[in-house]
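Trainee: below: sequence and its predicted model.
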Amino acid sequence: VKCEPWIHMEPSINVFSSYYWIKDDFRISNLDIVTATILLKHDPESVDKLEKDLIDRSTPSNPIYGHWLSKEQIIQRISPNSDKVEQVVGYLKDSGVSDSNIRVSPFNDIIHVSIPALDAEKIFHTEFARFRSESQRNITIYRIVKPYHLPSSIADIVSIVDDILRFPAITNPILSYGAETYDAIESSPDVTSFTSCGEECYGYTTPKVLEKLHKLKKPNNAADGNRIAVAEFQRHFASDKDMKTFSNDCKRADIDNIITSGKIGKKECKGNLACSESLMDIQYTASLVHPIPVHVSYINDYSLVYWLDEITSEKDYPLVASISYSLDSNAQLSLEYMESISIQFMKAGSMGITLVVASGDRGVWGFEGYGEKYHPEFPASSPYVTSVGSTNLQTKSLIEHESVWTCSGGGFSNKFLQPKWQSEAVTQYLQLAKSKNLLPPTYFFNIEGRGYPDVTTLGGSTNPYCISQGDGNHIGVSGTSGSASIIASVFALINNARLSQNKPPIGFANPWLYSNKQCFHDINDYSKNNCLKGTTGGFYSITGWDPSTGLGTPNYECLINTEI
């Protein structure tokens, strides 16, 4: 290996810094530990077959609809040969990495490794530095500051080395303080729902509001094998005390269905407002789906791949997973990265896991802000996940018509073409928007790309989610992370009904969703998702699917009738 040429990996990437991360001035040492995730290449023909097979198993009209694959079948169909894994592991060991610091995924296509930083520089022929979050200075990560390389024989096997190059987006929750007075909402026909969590939550969204909006029905018990997962990447934790306060104030059953796991184990959120997003996700998911188990997985390293590998490797893996994760710049989105991640999404979908991803809280502009083009977010724009946007109620505290939350992410992928299951809906949108002179100039977006979001629900700041946060206090929280958790909860409830009748879970949901457009409340009031005041841009909500609200807000009663 030492005599081989070094191959420049992900050569399209030439940005090794971030506006949102501050590089430490001092030089790293071997006391600094780099965690890297090595993704091996898959046979392209096998990937194509897996994708076709996934669509067949996800399409309601197909004879094999819902016949999901086992982990063993996934391994048989797509995993690289063991000798390739051994070759990469051998390279790491020859470079001084101990066995205890190397872990191979059960799927044989991912290698997790922990390496002293100076040794990592030699292994990947690059240079590392420590970076600190600009908004939360206690958060640090290690990233490369110039291109990385692998010996040619190893580069032939490896697709990417993740968790050393890209910077995760660290988002601060959008908070609201001060509930409404009862007098301000007593004239609303939905006053009971908006006062169902006590006076500190008056006028905020509550579980009762969501149950009425989506026509949800709580299960009497959890079906065997049913579980929902919530991923928390930003050192955001749950709080047993806040969970108890929330369930008591909202008059819910004792919430005893939360399971915690992950690289950093069980931790409590203590007085940190940054935990508001995770508390929103967990409190509402656990409340809406109770008694279905909620698996909260904490990932300290901001590694989407690590989390995916963790949940798919479990013996009793969750059937629905909610993800709020994004990168802070499209400049570090290589084709190799997006294709590698999408293969992991396809694996999960083929196993019957529904992946639900928040569409982002920056409208069409993303973290990069205003520019000559819109900036679609990833993984929200992947065709192998269900992307979820956010809405506001048109009339405050009235559960009826909705509008786009202006900061809800949406648009068209620059990488992925429109999948077949979406093409009819997107074509109808483009034609209608153009006929009404509501289509943005096409130089702003990829008119042939995968459109997102797929669906939407409440998440804006008109009636923010009420959560319990520290010593019995309550605040309002907004954002698409909460919306994704709610949609994931709807899917978990549908799975519960299906499993109770010995039917398979939803799995990859999108072909099923787009074939049941009648089960969605359409948002078509011409509101749009341009988050930057003083600028023009965004996509209008019009009749049918659109890239601001997707198909609309799902009706559980309707969807359950298509499934049972």
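Mentor: Nice, thanks for sending it over. Numbering: from 1, shown residues only.

Trainee: show me what contacts the nearest residue to Gly66 once chain neighbours are set aside?
Mentor: Leaving aside its sequence neighbours, Gly66 sits nearest to Pro504 (Cβ to Cβ, 6 or more residues apart in numbering; 3.8 Å). In short, each C-beta sits where N, CA and C put it, glycine included. Going by Cβ atoms under 8 Å, 6 or more residues apart in numbering, Pro504 touches Gly66, His67, Trp68, Gly352, Arg498.

Trainee: swap in Gly349?
Mentor: By Cβ under 8 Å, 6+ apart, the residues touching Gly349 are Leu54, Ser58, Leu355, Tyr384, Gly507, Phe508.

Trainee: dump the contacts of Pro504 into JSON lines; add secondary structure and distance to Ser340 as well.
Mentor: Formatted as JSON lines, the contacts of Pro504 follow (DSSP: H, G, I helix; E, B strand; the rest coil; distance: Cβ to Cβ, whole Å):
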{"residue": "Gly66", "secondary structure": "coil", "distance to Ser340": "27"}
{"residue": "His67", "secondary structure": "coil", "distance to Ser340": "26"}
{"residue": "Trp68", "secondary structure": "coil", "distance to Ser340": "22"}
{"residue": "Gly352", "secondary structure": "coil", "distance to Ser340": "22"}
{"residue": "Arg498", "secondary structure": "helix", "distance to Ser340": "31"}
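
Trainee: now do the residue nearest to Gly66 against Gly225, distance only.
Mentor: Note on Pro504: its distance to Gly225, by Cβ to Cβ, to the nearest Å, is 10 Å.

Trainee: and the end-to-end length of stretch 443-456?
Mentor: 26 Å (Cα to Cα, to the nearest Å).

Trainee: for stretch 37-49, that is, sorry about that
Mentor: By Cα to Cα, the extent of stretch 37-49 from end to end equals 25 Å.

Trainee: quick check: buried residues in it?
Mentor: Neighbour counts over stretch 37-49 (16 or more other Cβ atoms under 10 Å) mark Thr37, Ile38, Leu39, Leu40, Lys41, His42, Val47 as buried.

Trainee: quick one: buried residues of stretch 398-411?
Mentor: Quick answer for stretch 398-411 (16+ other Cβ under 10 Å): Leu398, Ile399, Glu402, Ser403, Val404, Trp405, Thr406, Cys407, Ser408, Gly409, Gly410, Gly411.

Trainee: next: stretch 514-526.
Mentor: So stretch 514-526, judged by 16+ other Cβ under 10 Å, has buried residues Tyr514, Ser515, Asn516, Cys519, Phe520, His521, Asp522, Ile523, Asn524.

Trainee: ok, these vs Asn530, which is closest?
Mentor: The nearest member of those to Asn530, counting by Cβ to Cβ, is Ile523 at 15.5 Å.

Trainee: distance of the closest one from Gly66?
Mentor: From Ile523 to Gly66 the distance is 29 Å (Cβ to Cβ).

Trainee: give the contact list for Met351.
Mentor: Met351 neighbours (Cβ under 8 Å, 6+ apart): Trp68, Leu69, Ser70, Lys71, Ile74, Thr312, Tyr317, Gly507.

Trainee: likewise Leu398?
Mentor: Counted by Cβ under 8 Å, 6+ apart, Leu398 has contacts Ser188, Pro189, Asp190.

Trainee: near the second one, how many other residues are there?
Mentor: Just to be clear, that refers to Pro189. 10 (other Cβ atoms under 10 Å).

Trainee: could I get the pLDDT score of it?
Mentor: Looking at Pro189, its pLDDT stands at 95.

Trainee: so where's the chain shaky on pLDDT?
Mentor: For the chain, the stretches with pLDDT under 70 are 1-2, 234-237, 254, 256-257, 260-274, 300, 563-564.

Trainee: how about the nearest residue to Asn473, chain neighbours excluded?
Mentor: Closest residue to Asn473 apart from its sequence neighbours, by Cβ to Cβ, 6+ apart: Glu200 at 7.6 Å.

Trainee: which stretch of helix or strand covers Ile170?
Mentor: Under the criterion of DSSP states H and E, Ile170 resides outside all helices and strands.

Trainee: so it touches Ile139, yeah?
Mentor: Yes: if you go by Cβ atoms under 8 Å, Ile170 and Ile139 touch, sitting 6.5 Å apart.

Trainee: neighbour count: the two, which is higher?
Mentor: Ranked by neighbour count (other Cβ under 10 Å), Ile170 and Ile139 place Ile170 first, with 22 against 18.

Trainee: what sits against the more buried one?
Mentor: When contacts are counted by Cβ under 8 Å, 6+ apart, Ile170 touches Tyr20, Ser133, Ser135, Gln136, Ile139, Gln234, Asp328.
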